[in-house]
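Colleague: A predicted structure for the sequence below; I have some questions about it.
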Amino acid sequence: GGNWTNKAGWLSGCDPCTGNGGQPWFGLGCTSGRVSRISLYQNNLVGSLPASLSGLTGLRTIQINGNAQLGGSIPAGLGSLTALIGIELDNNALTGGIPTTLGALTNLQQLILNNNQLTGSIPPSLSGLTSLLRFLANNNQLTGSIPTSLSGLT
């Protein structure tokens, strides 16, 4: 986080919900003392998304977008965060495939993955996203057909 645009509270070793002068660390929102939102739009993040994100079981939204030097794959463990209603990982440099595990997120309403370097095909497991309202994956390097199983999504 040394080059982050705003890193208030981060790396302080304090509670992420109160460690920034009684407030959450920059870009976090908390509910009942648990991280419920991550919003790090255009914050000059470098590296990859940590697998440890899957430990944030109260997480409802992830908005980590617009970080041109943020690469690596989307952690498969995000599929275990059943409270998620929004994932916005657009305009980064993410690689690899869309994790099949995301299909378990029955509360997910938004899955925004456009403008990355994702490869492979759209997983048929995304048909499990029964609350999905918006899915964007354009401007990637995806191949194959759109799975017919997605036609059941309303």
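Modeller: That came through, no problem.

Colleague: for this protein, what spans make up the strands?
Modeller: Taking DSSP state E as the test, the strands found in the chain are 28-31, 34-39, 46-48, 61-63, 69-71, 86-88, 110-112, 119-120, 134-136, 141-142.

Colleague: right, so those: which one is the most enclosed?
Modeller: Neighbour counts averaged per stretch over the strands of the chain are highest for strand 86-88, at a mean of 21; criterion: mean count of other Cβ atoms under 10 Å. Backbone N, C-alpha and C define where each C-beta goes, glycine included.

Colleague: name the helices or strands packed onto that one?
Modeller: Contacts defined by 3 or more Cβ pairs under 8 Å, 6 or more residues apart in numbering; DSSP states H and E place strand 86-88 against strand 61-63, strand 110-112.

Colleague: including mean pLDDT, could those go into a markdown table?
Modeller: Shown next, in a markdown table, are the helices and strands packed on strand 86-88 (pLDDT from 0 to 100):
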| stretch | mean pLDDT |
| --- | --- |
| strand 61-63 | 98 |
| strand 110-112 | 98 |
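
Colleague: got JSON lines for those strands, with distance to residue 31 too?
Modeller: What follows is those, written out as JSON lines (distance: least, Cβ to Cβ, whole Å):
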{"stretch": "strand 61-63", "distance to residue 31": "11"}
{"stretch": "strand 110-112", "distance to residue 31": "19"}
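
Colleague: figure out which of the ones you listed is closest to residue 26.
Modeller: strand 61-63 (13.0 Å; Cβ to Cβ).

Colleague: what comes into contact with the closest one?
Modeller: Residues outside strand 61-63 that contact it (Cβ atoms under 8 Å, 6 or more residues apart in numbering): 29, 36-41, 53, 78, 84-89.

Colleague: show me what that strand pairs with in its sheet, parallel or antiparallel.
Modeller: strand 34-39 (parallel), strand 86-88 (parallel) (DSSP bridges).

Colleague: and the residue in the chain sticking out farthest from the centre, how far is that from residue 2?
Modeller: Centroid-distance maximum for the chain: residue 21 at 26.5 Å, with Cα atoms, centre = their mean. Using Cβ to Cβ, to the nearest Å, residue 21 is found at 21 Å from residue 2.

Colleague: check residue 34 too.
Modeller: 27 Å.

Colleague: ditto for residue 127
Modeller: From residue 127 across to residue 2, the span is 42 Å (Cβ to Cβ).
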